[in-house]
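>>> Fold the following for me, if possible:
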Amino acid sequence: MTTGLYWDERCFWFSGGNYAFTQPVGGLVQPLAAGGIPESPETKRRLKNLIDVTGLTQSLACHSAEEASTEALLRVHPYGYLSAFEEASKGSGGELGLRVPFGHGGYQQAALSTGLACRAVSDVMAGRVRNAYALSRPPGHHCLPDFPNGFCLLANTAVAVQAARAIQPDLKVAVLDWDVHHGNGTEAIFLDDPATLTISIHQENNYPLDTGGAEVRGSDKSNINIPLPPGAGHASYLRTIEHIVQPALKQFQPDLIVVACGYDASVIDPLSRMMATAETFAAMTQTIKQTANTLCDGRLVLVHEGGYSEVYVPFCGHATISTLAGSLILAPDPFADTFRQRQPTGRFQSFLDDWVDALAAFHAS
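Just a heads-up that it's a prediction; the model follows:
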């Protein structure tokens, strides 16, 4: 079996309003040269371009998907919210929740993004592909059932998980979120669901500002938040996976692992202050892939979330997808040497090791 890639050009056409960082343009906030919200299609489109140019795409099973059905969306989102979103999308669009703007047709594009995640999970569960990557846009992990925020309008991963459970009600799912921002939407949806283990590795006090604390553990301690300090870097991410994530997955024994795969923890992302590299994402993918092979017959789905560097997301994404597929086709990271030199060393790395070890002890208690 091959690795599936789920994508659709129409998702790249989703548009938001004209913002500068998270502020709408106006007053003293000047428009950016490129315009639009920070969640630009260019990072995703350039990732797809890169895997096309290297030939990696040819080794993948590439598919689009249908829009997520109303029935599927209603398993997570209330009818009133979906109705308001769809109605606004028939006109010129608007803004729902906390500064999550969308243009004409935004509902259909968001439902298609969710549909890509749903089909990726469905195909993996049915054995049609070995594992899968959903190049979803707009993203989903910040979206609450009735309140979108953080560029997220529909909860892509949560809807995909619940769709799988409509077929297999006793499905145990682990959702690992390594986007640099706390996966507050996924946490809220599954917080008291002992059949879902949610793990979020994120920069402390980045976004949202009022969620992501390690003390939020949910029923049966099935929620694990891992806030890391700015500048944590490659070694700290791998230490976190080894000392916290892997033991939690082994204890939980999932039937399926889903990764909310954001690349905004990278060295030059404009919305974070972490120091992960393409090598970091490849290494994390390899470890979780091996863990999935051991625990759940390799059933692993990565759903694309954030990542805002047009320069570096393509290299991080290529390294991830190539590792997921077990491919020898590489896109060498042109920044690798300088980014390695910027990694934490000495006393700071010792501080970071102690930070991770303290979190590991806390979550093991």
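
>>> From residue 198, how far out is the residue nearest to residue 218 when sequence neighbours are not counted?
Nearest residue to residue 218, sequence neighbours excluded (CB to CB, 6 or more residues apart in numbering): residue 191, at 4.4 Å. Yep, even glycine has a C-beta here, placed from its N, CA and C like the rest. With distances defined as CB to CB, to the nearest Å, the gap from residue 191 to residue 198 amounts to 7 Å.

>>> Now do the contacts for the closest residue to residue 102 other than its chain neighbours.
Here the nearest residue to residue 102 in space, its sequence neighbours aside, is residue 93; by CB to CB, 6+ apart that works out to 4.8 Å. Contact criterion CB atoms under 8 Å, 6 or more residues apart in numbering gives 15, 101-104, 106 as the residues in contact with residue 93.

>>> tally of neighbours for residue 234?
Residue crowding around residue 234 was assessed by other CB atoms under 10 Å; the count is 22.

>>> do you know how far it is from residue 339?
Applying CB to CB, the value for residue 234 to residue 339 is 8 Å.

>>> which neighbours do the two share?
Taking CB under 8 Å, 6+ apart as the criterion, residue 234 and residue 339 both touch 275, 277.

>>> So which residues of the stretch 101-250 of the chain form strands?
With DSSP state E, counting those that start in this stretch, the ranges of strands along the stretch 101-250 of the chain come out as 131-134, 173-177, 196-203, 223-228.

>>> What residues sit buried inside the longest one?
In this case it means strand 196-203. Neighbour-count burial for strand 196-203 flags 196-203 (criterion: 16 or more other CB atoms under 10 Å).

>>> That strand vs strand 223-228, what angle?
Strand 196-203 and strand 223-228 meet at an angle of 10 degrees, taking axes from the mean of the first three to the mean of the last three CA atoms, to 10 degrees as the criterion.

>>> just to revisit the earlier point, mutual contacts of residue 191 and residue 198, please.
Counting by CB under 8 Å, 6+ apart, the shared contacts of residue 191 and residue 198 are 218, 222-223.

>>> Now for the residues you listed, which sits with the most neighbours around it?
Top of the shared contacts of residue 191 and residue 198 by neighbour number is residue 223, holding 25 neighbours under the definition other CB under 10 Å.

>>> Would you mind confirming that it makes contact with residue 191?
Yes: distance between residue 223 and residue 191: 5.6 Å, which falls inside the contact criterion (CB atoms under 8 Å).

>>> Please identify every residue contacting each of those two.
A shared contact of residue 223 and residue 191, defined by CB under 8 Å, 6+ apart, is any residue touching both; here these are 198, 216.

>>> Show me what the longest helix seen in the chain is packed against.
In terms of residue count, the longest helix belonging to the chain (DSSP state H) is helix 106-126. On a contact count with 3 or more CB pairs under 8 Å, 6 or more residues apart in numbering; DSSP states H and E, helix 106-126 meets strand 3-6, helix 9-12, helix 70-74, helix 79-90, strand 131-134, helix 156-167, strand 256-261, strand 300-304.

>>> So which of those is the most surrounded?
Each of the helices and strands packed on helix 106-126 was assessed for mean neighbour count using mean count of other CB atoms under 10 Å. The highest is strand 300-304, with a mean of 30.

>>> can you tell me which residues contact residue 117?
For residue 117, the residues meeting the contact criterion (CB under 8 Å, 6+ apart) are 6, 134, 136, 140, 156-157, 159-160, 301, 303.

>>> Start from the N-terminal end of the stretch 201-350 of the chain and give the helices.
Counting by DSSP state H, counting those that start in this stretch, one finds helices in the stretch 201-350 of the chain at the ranges 233-240, 246-252, 278-296, 313-325, 336-341, 346-364.

>>> can you put these in a markdown table and add mean pLDDT and distance to residue 180?
Converted to a markdown table, the helices of the stretch 201-350 of the chain look like this (pLDDT from 0 to 100; distance: least, CB to CB, whole Å):
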| stretch | mean pLDDT | distance to residue 180 |
| --- | --- | --- |
| helix 233-240 | 98 | 11 |
| helix 246-252 | 98 | 20 |
| helix 278-296 | 98 | 12 |
| helix 313-325 | 98 | 12 |
| helix 336-341 | 98 | 16 |
| helix 346-364 | 98 | 16 |
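
>>> could the ones you listed go into CSV alongside distance to residue 26?
Below are the helices of the stretch 201-350 of the chain laid out as CSV (distance: least, CB to CB, whole Å):
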stretch, distance to residue 26
helix 233-240, 37
helix 246-252, 45
helix 278-296, 36
helix 313-325, 28
helix 336-341, 36
helix 346-364, 40
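
>>> show me what contacts residue 160?
If a contact means CB under 8 Å, 6+ apart, then residue 160 has 114, 117-118, 120-122, 134, 258, 301, 303 as its contacts.

>>> Going by distance to residue 208, which of those residues wins?
Nearest to residue 208 out of those is residue 303 (CB to CB; 19.4 Å).
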